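J.: please work out how this folds:
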Amino acid sequence: NEELSQVIDKANRVIKQIAEQEKYDIILQEAVFASPRVDITDKVLRALTNGKP
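T.: The predicted model follows:
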């Protein structure tokens, strides 16, 4: 689906930008456990909604 592909591409660009800005070495899509200290989900969602991280 082309629309889904566009959303995924946009999310990946935002995630990469946040990772570079905050100097993360790795971003995992899924984890058994993640401390809220390193969970960037809210930042990604805000960036996708507002257009900037």
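J.: what helix or strand is the residue nearest in space to the middle of the chain on?
T.: In the chain, the centroid-proximal residue (C-alpha atoms, centre = their mean) is residue 15; its distance is 3.2 Å. If you go by DSSP states H and E, residue 15 is part of helix 2-21.
J.: tell me how far the helix or strand following that helix is from the chain's mean position?
T.: Downstream of helix 2-21, the next assigned helix or strand under DSSP H and E is helix 41-50. With C-alpha atoms, centre = their mean, to the nearest Å as the basis, helix 41-50 stands 8 Å off its chain's centre.
J.: and what of stretch 14-21?
T.: 7 Å.
J.: quick one: contacts of that stretch?
T.: For stretch 14-21, contacts defined as C-beta atoms under 8 Å, 6 or more residues apart in numbering pick out 24, 27, 40, 43-44, 47-48, 53. (Glycine included, C-beta is placed from N, CA and C.)
J.: so how far is the helix holding residue 15 off the chain centroid?
T.: 7 Å.
J.: how about it: buried residues?
T.: Going by neighbour count (16 or more other C-beta atoms under 10 Å), the buried part of helix 2-21 is 14-15, 18.
J.: between those residues, which sits nearest residue 2?
T.: Nearest to residue 2 among these, counting by C-beta to C-beta, is residue 14 at 19.0 Å.
J.: from residue 1, how far out is the closest residue to that closest one other than its chain neighbours?
T.: Closest residue to residue 14 apart from its sequence neighbours, by C-beta to C-beta, 6 or more residues apart in numbering: residue 47 at 4.5 Å. Residue 47 is 22 Å from residue 1, where distance means C-beta to C-beta, to the nearest Å.
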